[in-house]
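**Q** give me a model of this one.
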Amino acid sequence: TINDVVLTIVSGALRKYLVSKDELPEDSLVAAVPIDVRTKDDAHINGNRINITNVSLRTDIVDPIERLKAVHREAVAGKAYANTLGKNILIDVLDNLHGGVVAWGIHAAVDSGILDKFPPANNTIVTNVPGAPVPLYLCGAKLIDSFGMGPLIPNTGLFHTISSTYDFVTIAFTADRQKMEDPDFYVQ
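**A** As a prediction, the model looks like this:
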């Protein structure tokens, strides 16, 4: 799928970046990947219907074709695991908690620094936002490029956003300079 290809591109870029810094870990890096759980029955519901799964990026594999095959297997396994837990577990939890309680909990966890005491569950977030399959115009001007931007969260200092339209794919990222000191090289 296009998601497998994009995850493999991100994996290869991370691998090259970390090899150049002599910091590639033996174990593969892991990406948190939002997955769409919307069904036909959810058509009337506004907003996103997502769950999140962790996918091994297989940065431990040198050959890009073999890495693509392995990433595909990891993505399929990640979706199966998320489905086993329940497609709507994240949505159900958030829907059943008062928004103020959720916000308070997140602020308290971030402000207290408690999240920094736990090892990260993933090394980056990679989200794919498919665009229109046809050209888009605004007042006669054709959309020629677009990109997303994602928020950094504690212990995850790199967020990749994948945007696509009818004829191109853009990979953008947000990086914490304390965790990725050379984002210009990463772009290359």
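**Q** quick one, what contacts the residue nearest the centre of the chain?
**A** Note on the chain: the residue nearest the mean C-alpha position is Val126, at 1.8 Å, using CA atoms, centre = their mean. Val126 makes contacts with 6-7, 10, 31-33, 55, 160, 162, as judged by CB atoms under 8 Å, 6 or more residues apart in numbering. C-beta: built from backbone N, CA, C; applies to glycine.
**Q** and it, what element?
**A** strand 124-129 (DSSP states H and E).
**Q** what's the neighbour count on Arg73?
**A** 14 (other CB atoms under 10 Å).
**Q** and Gly12, backbone torsions?
**A** Phi and psi for Gly12, reported as degrees, to the nearest 10, are phi -60, psi -40.
**Q** look up how far Ile61 lies from it.
**A** 10 Å (CB to CB, to the nearest Å).
**Q** quick check: neighbours shared by those two?
**A** Common neighbours of Gly12 and Ile61 (CB under 8 Å, 6+ apart) are Arg67.
**Q** mind exporting the longest helix along the chain as CSV, just the C-alpha atoms?
**A** When the chain is parsed with DSSP state H, its longest helix is helix 64-85. C-alpha atoms of helix 64-85 as CSV (Å, rounded to 0.1, in the frame of the first residue of the first chain):
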residue,chain,number,x,y,z
PRO,A,64,15.2,-1.2,1.0
ILE,A,65,13.1,-3.9,-0.8
GLU,A,66,13.5,-6.3,2.1
ARG,A,67,12.7,-3.5,4.5
LEU,A,68,9.5,-2.7,2.5
LYS,A,69,8.4,-6.3,2.7
ALA,A,70,9.1,-6.4,6.4
VAL,A,71,7.3,-3.1,7.0
HIS,A,72,4.3,-4.4,5.2
ARG,A,73,4.2,-7.5,7.5
GLU,A,74,4.6,-5.2,10.6
ALA,A,75,1.8,-2.9,9.4
VAL,A,76,-0.6,-5.8,8.9
ALA,A,77,0.3,-7.3,12.3
GLY,A,78,-0.1,-3.8,13.9
LYS,A,79,-3.6,-3.4,12.5
ALA,A,80,-4.6,-6.9,13.5
TYR,A,81,-3.4,-6.2,17.1
ALA,A,82,-5.3,-2.9,17.2
ASN,A,83,-8.4,-4.7,16.0
THR,A,84,-8.0,-7.4,18.7
LEU,A,85,-7.9,-4.7,21.3
